[in-house]
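S.K.: let me see the structure of the following:
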Amino acid sequence: MPRPERALRRIHHMRFRSRVLNPPLRFLLAWVLALGGVSSILSGDDLHPQDGPHVDIRIFIDADAVVFQLEMNLVFLDFLVDFPREDPARISSVEWPALQPALLEFFQRSHPVRIDDRRVLPEMEELQINDPDLALLPLFPISGEQGLRKVRFKLIYPTTSMPSKVEISWTTYPPDILTDLVDPPPLDLAAELDAEGVRTPLLFTVDEPGLTWRALGESIDARLSTVPDSVIEPGSRVPVLAIVFFVAGGVVVVVGLLRARSTGSPIPLVAAAGIEGVLLISGVAILLGDVGTITMGGGLRPPDKVEAEAIFRPLHSNVYRAFDYVEESDIYDALDRSVDGPFLETLYRTIFRGLVMQEEGGAVARVTEVRPIEIEIGDIVMQAGEDGVDRPAFTVACRWQVDGVVSHWGHIHERTNEYFADWDVVDGPDGWQLTGAEIREQDRLEEGGPVEDGEEFEI
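M.R.: Residues are numbered from 1 along each chain as shown. Model (predicted):
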């Protein structure tokens, strides 16, 4: 077996050893290399360590602090700060104490962070360096050990409460030697942001070097697209009691007129007119007071095709937006807004399996965009619900594409899948929800061929 392949096989068996510096530190960085396995989002080859400068950026926002968790190889480090050392591929125990103040001064000066419109300076914690497995050196023909050895640390920007706005600037972009070794462009930097229970992929570039994050609150509904309400016909308002009074008044007049003719006396007609006047006035008062009025007709009605498509689009989008959340309970709560109970577990299981890497590490890919390509509304019917109420329902044949990304070794790896499926949509007691889906086609656009019918879809 060639040496590079042996090195890749060893990624999942790497052991990081302790390394004594001044003061003593334990250096545990295995979590990065754990992303080297095969997943349904990216092939194993996509996730191998890559040569050149790299930095892994994770940003966390909560009520106590804005935290940057950074991990960079020495190639990237040397692009940030002037840190001369005897061996470029290593940092000796004598040189180590000078690294923290050099890094802290650089980030305080060059990478400003503003929290609620106030500039905040960072503190540094947990500065560590790995002792890598040199069997991976064949993967770094340009950078050598300098590209394999990495430092990891946290920058802490303290807060007194949950921020409403955080402004982040990233100003340094080393050359991307993997794109062009002769005339390399600036390296785009992948990052991930965790805030309010949601994890979001980011990309810092020379053209878009900053981020402004604004709090949305903890409400799940605030993060999901709005689904139109059920279509309800207003029905006709009928003033039944007022009509009774008016009819009764008319009957009294007719009876009085007939009695007056048969007796030749005007008294019955005069009496009938008086009674009719009372009934008429009472009927008008009842009509104006909206007393005894009932609604006839109306109620739930099936949507037309345009209305049905407007209902399906946000439901379909919200299924994927639910997986922006980190905690499983939050994902379930968000899915529950759009998916009927019996179908929820199936949908969660199939989509989550497609987003989570199957081997070590459990890295989760993030959906960046869902694009409906074709939407065809099928049968629209009224059907009996579990509560005994007839409710609208319809079917949808939809073709759509999903862009997914995972951050690894400071890069964003992308994949696009295309799907075609039949969906069932029902207007239940909690509003419109998806109740079933049958996948018809599944294609990975970048690599591989179509997935056979009957296989469960991934994302």
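S.K.: rest of the way, CA atoms for contacts and neighbours
M.R.: Noted.
S.K.: show me the contact partners of the helix or strand hosting residue 307.
M.R.: According to DSSP states H and E, residue 307 maps onto helix 305-321. With Cα atoms under 8 Å, 6 or more residues apart in numbering as the test, helix 305-321 has contacts from 224-228, 334-335, 338-339, 367, 370, 375, 377, 394, 396, 425, 432-434.
S.K.: among those residues, which lie within helices?
M.R.: 334, 335 (DSSP state H).
S.K.: ranges for the helices of the stretch 201-350 of the chain?
M.R.: Ranges of helices in the stretch 201-350 of the chain, per DSSP state H, counting those that start in this stretch, are 240-263, 267-288, 305-321, 328-336, 341-355.
S.K.: for the shortest one, the distance to its chain's centre please.
M.R.: The chain centre lies 11 Å from the centre of helix 328-336; the measure is Cα atoms, centre = their mean, to the nearest Å.
S.K.: the longest one too?
M.R.: Relative to the mean C-alpha coordinate of its chain, helix 240-263 is positioned 69 Å out (Cα atoms, centre = their mean).
S.K.: check the second one too.
M.R.: Taking the mean of its C-alpha atoms, helix 267-288 sits 66 Å from the chain's own mean (Cα atoms, centre = their mean).
S.K.: contacts for that helix, please.
M.R.: With Cα under 8 Å, 6+ apart as the test, helix 267-288 has contacts from 239, 241-246, 248-250, 252-253, 255-257, 259-260, 292.
S.K.: could you rerun that using 6 Å?
M.R.: Outside helix 267-288, the residues that touch it by Cα atoms under 6 Å, 6 or more residues apart in numbering are 242, 245, 246, 249, 252, 253, 256, 257, 260.
S.K.: neighbour-wise, which of these leads?
M.R.: residue 242 (25 neighbours; other Cα atoms under 10 Å).
S.K.: returning to that earlier point: the helix holding residue 307 - what's its average pLDDT?
M.R.: Average pLDDT, helix 305-321: 92.
S.K.: dump the helices of the stretch 201-350 of the chain into a markdown table; add distance to residue 106 as well.
M.R.: Below are the helices of the stretch 201-350 of the chain laid out as a markdown table (distance: least, Cα to Cα, whole Å):
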| stretch | distance to residue 106 |
| --- | --- |
| helix 240-263 | 81 |
| helix 267-288 | 77 |
| helix 305-321 | 37 |
| helix 328-336 | 38 |
| helix 341-355 | 36 |
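S.K.: among those helices, which is nearest residue 382?
M.R.: Proximity to residue 382 (Cα to Cα) singles out helix 305-321 among the helices of the stretch 201-350 of the chain, at 13.3 Å.
S.K.: and the closest one, C-alpha only, in PDB?
M.R.: The C-alpha coordinates for helix 305-321 follow below in PDB (Å, rounded to 0.1, in the frame of the first residue of the first chain):
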ATOM      1  CA  LYS A 305     -53.600  25.100  -7.000                       C
ATOM      2  CA  VAL A 306     -52.000  28.500  -6.500                       C
ATOM      3  CA  GLU A 307     -52.900  28.600  -2.800                       C
ATOM      4  CA  ALA A 308     -51.700  25.000  -2.400                       C
ATOM      5  CA  GLU A 309     -48.300  25.800  -3.800                       C
ATOM      6  CA  ALA A 310     -48.000  28.800  -1.500                       C
ATOM      7  CA  ILE A 311     -48.700  26.400   1.400                       C
ATOM      8  CA  PHE A 312     -46.300  23.700   0.400                       C
ATOM      9  CA  ARG A 313     -43.200  26.000  -0.300                       C
ATOM     10  CA  PRO A 314     -42.700  27.200   3.300                       C
ATOM     11  CA  LEU A 315     -43.600  23.800   4.800                       C
ATOM     12  CA  HIS A 316     -40.900  22.200   2.600                       C
ATOM     13  CA  SER A 317     -38.300  24.800   3.400                       C
ATOM     14  CA  ASN A 318     -39.000  24.700   7.200                       C
ATOM     15  CA  VAL A 319     -38.200  20.900   7.200                       C
ATOM     16  CA  TYR A 320     -34.600  21.700   6.400                       C
ATOM     17  CA  ARG A 321     -34.400  24.900   8.500                       C
END
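S.K.: pull the distance from it to the chain's centre.
M.R.: With Cα atoms, centre = their mean, you get 15 Å for helix 305-321.
S.K.: residues of that helix that come out buried?
M.R.: For helix 305-321, a neighbour-count test (16 or more other Cα atoms under 10 Å) marks 308-309, 311-321 as buried.
S.K.: one step back: show me the contacts of helix 305-321 that map onto strands.
M.R.: 367, 370, 375, 377, 394, 396, 425, 432, 433, 434 (DSSP state E).
S.K.: beta-bridge partners for the fifth one, please?
M.R.: Going back to what we said before, that points to residue 394. residue 380, residue 425 (DSSP bridges).
S.K.: can you tell me how far it sits from residue 224?
M.R.: Look at residue 394 and residue 224: by Cα to Cα, to the nearest Å, they are 22 Å apart.
S.K.: pick the one among the buried residues of helix 305-321 closest to residue 189.
M.R.: Using Cα to Cα, the buried residues of helix 305-321 come closest to residue 189 at residue 321, 23.6 Å.
S.K.: ok, how many other residues are close to the nearest residue to residue 104 once chain neighbours are set aside?
M.R.: Using Cα to Cα, 6 or more residues apart in numbering and skipping the chain neighbours, the partner closest in space to residue 104 is residue 124 (6.7 Å). As a burial measure, residue 124 scores 18 neighbours (other Cα under 10 Å).
S.K.: now do residue 352
M.R.: Close neighbours of residue 352, defined as other Cα under 10 Å, add up to 19.
S.K.: now the buried members of the contacts of helix 305-321.
M.R.: For the contacts of helix 305-321, a burial check counting by 16+ other Cα under 10 Å picks out 224, 227, 334-335, 338-339, 367, 370, 375, 377, 394, 396, 425, 432-434.
S.K.: show me how the chain divides into domains.
M.R.: The chain breaks down into these domains under automatic domain parsing: 3-218, 236-296, 306-451.
S.K.: and the second one, how far from the chain's centre?
M.R.: When C-alpha coordinates are averaged (Cα atoms, centre = their mean), domain 236-296 and its chain have centres 64 Å apart.
S.K.: contacts only, for residue 415.
M.R.: 403, 404.
S.K.: do the one 3 residues further on as well
M.R.: Contacts were defined as Cα under 6 Å, 6+ apart; by that measure residue 418 touches 400, 401, 442, 443.
S.K.: ok, so of those residues, who is nearest residue 116?
M.R.: Checking the contacts of residue 418 one by one against residue 116 (Cα to Cα), the nearest turns out to be residue 401, at 37.1 Å.
S.K.: which non-adjacent residue is nearest that closest one?
M.R.: Counting by Cα to Cα, 6+ apart, the residue nearest residue 401 is residue 418, at 4.3 Å.
S.K.: and that neighbour, that's in a helix?
M.R.: No: applying DSSP: H, G, I helix; E, B strand; the rest coil, one finds residue 418 to be strand, outside a helix.
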